[in-house]
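> Dropping the sequence and predicted coords here.
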Amino acid sequence: MNRFVRHIFLVVTALFMAAEAYAQENSKLLLGVNFDTFFDNTEYTGTSLGESGTLFSARLTPQIGIEWNDKNSLIIGADLFADFGNETKFLSKARPQLYYRFATPKVKAYAGIFDRSAMKGYYSELFFSDAARYYENRVQGVLGQYVGERGYAELSVDWCGMYSAEARERFRILSAGRYDIGRQRLFYAGYALQIFHFAGSEQIAGSVVDNAIVNPYVGTTFNAFFDFDIKLHGILTMQRDRAVEDEMQMPGGALLQLRLSKWGVYLDEQIYTGRNLMPYYYSAPNKVFANGYGSELYAGSTLFGTQPYWEGEIDASHTFFDTRIGYQNSFFDNTVRLNTFIAFQCDGEKWGTRQMLQLSVNLFKDISLTKKR
């Protein structure tokens, strides 16, 4: 009965939105559906790269909304997840998207619950792993974005955990920007920034953990038969478990990324050297959380949480390698997108492999509702 009432409420809301939009200037009915299927298999046994396992699921996101005065939109949708092989549920998970969008050629603003793909900034896998981008695809809060002739800047606040008996309070502030340099724009500079606040719940008092990331980078793009994109990152993190620590832990390092691509085929190389950037992932200074805070505190790839193997040098610098060979392209007027790769990854001494495939479909239609004069 509750489900029937919710469905009726959504239909009535959509009809009200359409009726109200009919009276507005340059009004449109927006209809869209996004589909994603995600496969991610990791084989990390015997390494410090992370846990071995397989993720395989699909997500469907139907949306309906209105646009008026060419700049304003109000949109309702839902993310419907189905984990492959799970026969116990019709849907593994269903979550709403509800947001207002203001959009001009240079300025965009979002408020509500909207898809993370609205964000333009470059956030490396230190910020979000591929799995986190897929399964935690929503921003619950606000986003402001400016796009100029040579670059962009954006700022978002994502309230991703509500204080309750079951969940800890969590929110993430993200910002990113980029500026193209020179007449030919062969070079660019940019940054990404995170301030993550991981607080307590009704059952966990006085336990707040900070996780801040500062990530400036410089890069160059050029063509020499292959398309090249080379980035050099500097990374500094500031982390503290306030319940048991008075001083910040500040692990950092450097990340070099090289991408060569041609006809959709690409080679990606990542080389990181520095300290473990996820010191509280598997263990924490707070004895109450002896097994660490895991993915609740860190949304990034566990590659950045690798440790050196030699004893007594836990905080020492070390190096990991991540080499990916794949294919990425779009088809049918950019409505279908495919990305797949196989990765060979080394934590400094031992090797693991990863295979990933993601297929996305994005269909959109707008229908004019403007009154004929």
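Yes, it's here.
> From now on I want contacts and neighbour counts done on CA atoms only, so please keep to that.
Noted.
> On the three-state scheme, the spatially closest residue to residue 70 that is not a sequence neighbour is what?
Spatial nearest neighbour of residue 70, chain neighbours left out: residue 26 (6.3 Å); criterion: CA to CA, 6 or more residues apart in numbering. Taken by DSSP: H, G, I helix; E, B strand; the rest coil, the conformation at residue 26 corresponds to coil.
> Alpha carbons only: can I get stretch 35-45 in PDB?
Only the C-alpha atoms of stretch 35-45 are listed here, as PDB (Å, rounded to 0.1, in the frame of the first residue of the first chain):
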ATOM      1  CA  PHE A  35      21.400   3.000 -18.000                       C
ATOM      2  CA  ASP A  36      24.700   1.700 -16.600                       C
ATOM      3  CA  THR A  37      26.100  -1.800 -16.200                       C
ATOM      4  CA  PHE A  38      29.300  -2.200 -14.300                       C
ATOM      5  CA  PHE A  39      31.700  -5.100 -14.000                       C
ATOM      6  CA  ASP A  40      34.800  -4.900 -11.800                       C
ATOM      7  CA  ASN A  41      36.900  -7.900 -10.900                       C
ATOM      8  CA  THR A  42      40.100  -7.600  -8.700                       C
ATOM      9  CA  GLU A  43      42.600 -10.400  -8.100                       C
ATOM     10  CA  TYR A  44      44.800  -9.000  -5.300                       C
ATOM     11  CA  THR A  45      45.400 -12.100  -3.100                       C
END
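> Run through who's touching it.
Outside stretch 35-45, the residues that touch it by CA atoms under 8 Å, 6 or more residues apart in numbering are 50-61, 131, 134, 351-362.
> now, which of these lie within helices?
With helices defined by DSSP state H, the entries of the contacts of stretch 35-45 inside them are 131, 134.
> same for the helix or strand containing residue 179, what does it pack against?
Counting by DSSP states H and E, the element that carries residue 179 is strand 170-181. The helices and strands touching strand 170-181, judged by 3 or more CA pairs under 8 Å, 6 or more residues apart in numbering; DSSP states H and E, are strand 151-161, strand 187-198.
> would you list the ones you listed in TSV and tack on distance to residue 332, mean pLDDT and mean neighbour count?
Converted to TSV, the helices and strands packed on strand 170-181 look like this (distance: least, CA to CA, whole Å; pLDDT from 0 to 100; neighbours: other CA atoms under 10 Å):
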stretch	distance to residue 332	mean pLDDT	mean neighbour count
strand 151-161	28	97	19
strand 187-198	31	97	20
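> For residue 305, which of the ones you listed is the nearest?
Smallest distance to residue 305 across these (CA to CA): 17.0 Å, for strand 187-198.
> Which strands border that closest one, and is each parallel or antiparallel?
Strands flanking strand 187-198 in the sheet, each with its direction: strand 170-181 (antiparallel), strand 209-224 (antiparallel) (DSSP bridges).
> quick one, the very next helix or strand once past the last one and strand 209-224 angle?
When you say that, I think you mean strand 209-224. Toward the C-terminus, strand 209-224 is succeeded by strand 226-241 as the next helix or strand (DSSP H and E). Note on geometry: by axes from the mean of the first three to the mean of the last three CA atoms, to 10 degrees, strand 226-241 and strand 209-224 are set 170 degrees apart in direction.
> Could you give the average pLDDT over strand 226-241?
Mean pLDDT, taken over the full extent of strand 226-241, equals 97.
> what comes into contact with stretch 87-100?
Counting by CA under 8 Å, 6+ apart, stretch 87-100 makes contact with 72-83, 86, 110-115, 138, all of which sit outside it.
> Write the ChimeraX selection for whichever of those are buried.
Only the buried members of these end up in this ChimeraX selection, burial being decided by 16 or more other CA atoms under 10 Å:
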select :73,74,75,76,77,78,79,80,81,82,83,110,111,112,113,114,115,138
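> Just the ones in strands from the contacts of stretch 87-100, please.
Within those, membership in strands is found for 72-83, 110-115, 138, as judged by DSSP state E.
> if I look at residue 98, how far off is residue 270?
Using CA to CA, to the nearest Å, residue 98 is found at 37 Å from residue 270.
> oh sorry, the question was meant for residue 29
With the distance defined as CA to CA, residue 29 ends up 44 Å from residue 270.
> higher neighbour count, these two?
Under the neighbour definition other CA atoms under 10 Å, residue 29 and residue 270 were set side by side, and residue 29 has more, 22 against 17.
> Quick check: mean pLDDT of stretch 67-77?
When pLDDT is averaged over stretch 67-77, the result is 96.
> Adjacent strands (with direction) for the helix or strand hosting residue 339?
Following DSSP H and E, the helix or strand that holds residue 339 is strand 336-346. When pairs are called by DSSP bridges, strand 336-346 turns out to pair with strand 318-331 (antiparallel), strand 351-368 (antiparallel).
> Quick one: closest of those strands to residue 247.
Shortest distance between residue 247 and the strands paired with strand 336-346, using CA to CA, is found for strand 318-331: 23.3 Å.
> And the average pLDDT for the closest one is what?
For strand 318-331, mean pLDDT rounds to 96.
> Any buried residues in it, and which?
Judged by neighbour count (16+ other CA under 10 Å), strand 318-331 contains these buried residues: 318-328.
> mind listing the strands for the stretch 1-150 of the chain?
For the stretch 1-150 of the chain, applying DSSP state E, counting those that start in this stretch gives strands covering 28-43, 53-68, 72-83, 93-103, 107-115, 138-147.
> ok, the residue lying closest to residue 172 once chain neighbours are set aside - contacts?
Setting aside the residues directly before and after it, residue 172 is nearest to residue 196 in space (CA to CA, 6+ apart), at 4.4 Å. With contacts taken as CA under 8 Å, 6+ apart, residue 196 has the following neighbours: 170-173, 210-212.
> Could you report the pLDDT at the most centrally placed residue in the chain?
In the chain, the C-alpha closest to the average C-alpha coordinate belongs to residue 133, at a distance of 3.7 Å (CA atoms, centre = their mean). At residue 133, the predicted lDDT confidence score is 97.
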